[in-house]
Every structure is written in C-alpha cells, then in structure tokens.
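# Could you look at this predicted model? Sequence included:
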Amino acid sequence: MPPKFTKSARYTQITQLAETEVLDQYECILESGLSPDVLLSHIPAILKKLRVPQCFTKDICQCIQWFYDTGHANVSTESPRWAIVEQLLLHLTISSKLNGVLQVSDIVDIDKLVTFCNRLLRFRDHYRIIRQAWSLFVEASGNKNVDVTTFRLSMKDLTKVKSYLQLDDISDTVLIDMLGCGTSTVEGDVYNYTFHHHGLSVNIKDFAEIMGQLGELD
C-alpha cells in the first residue's frame, strides 16, 4: 500500500520569533510617520527586510504591483487576475466581502500579516534544505543546467522523478494530491499568487509548501 500523506498541524502554528520579527517591521513603518497605516504597498519592503528569498515573494510583489497599476478600478475586476488579487487582499488586508462583493481596502490587518509571514519565514529559515531537496528533484527529472529557483516540474517530470527514486509504489494519484497540497494552504486557501498558470506543475515555492505540510519544516 502506498504511503499516506498527512498534513502537519504544527506547520501553520505561529512561532513567537516570527511574530516578533513581523511586529517589529510593522511598527517601524508606523514610527516612520510616512503613513498612518501599514498598506499593501509596504509589503514588498517588509518581505525584503525580513530577508525572505525572492523565489518565495516574487508572485506576491507582482500581484501587489498589478493591483496598484490598475488603480484597483472596477475594470480590473473583469480580469482573470482579479480572483488572485482578491485572495491576496483577503489574506493580508481588512478587505471583506459584503453580500458576495469584496469591499476593497489596501490597509493591512496586523493579525493577517503575522499569519501570512509566518509561512514565508519558515521558508526563509529552511531555505538551504528546501533548495537542496528541490535541486535533487529537478536533477532526477533529467533537467540539468537550469535555474532551480524559477524552474517548474510538470506531472511528466514528477513521474520521471518517481521512477528515478524507485518510488513506483506511489501512485500517480498521490502525486496529484501532492501537487494540490503545494498550491493551497492547510485550510484550502490558494496561497500562490502567480498570474502564470502552468497546469499541474510545481515550482520551488510550491515544493516548500509541500515540505511544510508534510512536516519537514516543523
């Protein structure tokens, strides 16, 4: 019988250290006096100061940039990208839905910010392990001389990895479950905010999420 993959309950638990780091950055912005609130536009700078590797934040920064570039006007809600932006707003800001319609605000909710960054700080703290493991997967798929921080593994690639690592007792269904595990949180919320969908595939950020949900980053 193939192994059963269970999601780690500890993975999403917020550590005191992570909370302190995030609150420090939040307070720095308020103390600067440049803004009475921490806004979505401050998030890229916060992530940079927290030293989160770019491969885990690029999608977030691009999503935020698009939100402001469009002036978050009504026309932008007609774009397929809006569904992704909406997820980010709900995950980070005081935006909320009223009768199914999103009441948009770019003011950051402090509690949401701590939860949001907790995952990214786990990725940062385990970056060496994540990158090494991901590099082995990419190499096992037969792809060489590629930038592992931007490369994506397709379902076909993962099947090659399964064969290379002699994991033939793992069914393709389990691989598909793992792909789904890498694109959403334990609660089922989409967490990867990339605008460029590639079907059933994973990149290093998705892989980090899989490792986390399987307890490898506890």
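Now that the structure is in, tell me what you want to look at.
# which residues pair with Leu153 across the strands?
Val202 (DSSP bridges).
# which residues touch it?
Phe137, Val138, Ser141, Asn143, Val161, Ser201, Val202, Asn203 (C-beta atoms under 8 Å, 6 or more residues apart in numbering). Placement of C-beta: from N, CA and C, glycine included.
# Top of these by number of neighbours, please.
Val202 (27 neighbours; other C-beta atoms under 10 Å).
# would you turn the contacts of Leu153 into JSON lines with distance to Leu90 and pLDDT?
Below are the contacts of Leu153 laid out as JSON lines (distance: C-beta to C-beta, whole Å; pLDDT from 0 to 100):
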{"residue": "Phe137", "distance to Leu90": "31", "pLDDT": "87"}
{"residue": "Val138", "distance to Leu90": "33", "pLDDT": "91"}
{"residue": "Ser141", "distance to Leu90": "34", "pLDDT": "87"}
{"residue": "Asn143", "distance to Leu90": "35", "pLDDT": "85"}
{"residue": "Val161", "distance to Leu90": "34", "pLDDT": "80"}
{"residue": "Ser201", "distance to Leu90": "25", "pLDDT": "80"}
{"residue": "Val202", "distance to Leu90": "24", "pLDDT": "86"}
{"residue": "Asn203", "distance to Leu90": "23", "pLDDT": "90"}
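# of all those residues, which two lie farthest apart?
By the measure C-beta to C-beta, Val161 and Asn203 form the most distant pair in the contacts of Leu153, at 14.4 Å.
# what's the spacing between the nearest residue to Asp106 once chain neighbours are set aside and Leu136?
Using C-beta to C-beta, 6 or more residues apart in numbering and skipping residues adjacent in sequence, the residue nearest Asp106 is Leu40, 4.1 Å away. Plainly put, Leu40 is 36 Å away from Leu136 if you go by C-beta to C-beta, to the nearest Å.
# So these two - more neighbours on which side?
A direct count of neighbours by other C-beta under 10 Å for Leu40 and Leu136 places Leu40 higher, at 22 against 14.
# I'd say that one and Trp66 touch.
No: contact criterion C-beta atoms under 8 Å: Leu40 and Trp66 do not qualify, at 11.3 Å.
# same for the helix or strand containing Ile46, what does it pack against?
Assigned by DSSP states H and E, Ile46 falls within helix 43-49. In terms of contacts (3 or more C-beta pairs under 8 Å, 6 or more residues apart in numbering; DSSP states H and E), helix 43-49 is packed against helix 16-32, helix 58-69, helix 110-125.
# Can you list the neighbours in contact with the helix or strand just after the last one?
Read that as helix 110-125. Per DSSP H and E, the first helix or strand lying C-terminal to helix 110-125 is helix 127-140. Contact with helix 127-140 is made by 53, 123, 146, 148-149, 151, 153, 158, 160-161, 164-165, 204, 207-208, 211, 216-217, as judged by C-beta under 8 Å, 6+ apart.
# re the thing from before, report the rounded mean pLDDT for the helix holding Ile46.
Taken as a whole, helix 43-49 has an average pLDDT of 98.
# Now tell me what touches it from outside.
Taking C-beta under 8 Å, 6+ apart as the rule, helix 43-49 contacts 22, 25-26, 28-29, 38, 57, 60-61, 64, 92, 108, 113, 117, 120.
# Produce a PyMOL select command limited to the buried residues of those.
In PyMOL, this line selects whichever of the contacts of helix 43-49 come out buried by 16 or more other C-beta atoms under 10 Å:
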select buried, resi 22+25+26+29+38+57+60+61+64+92+108+113+117+120
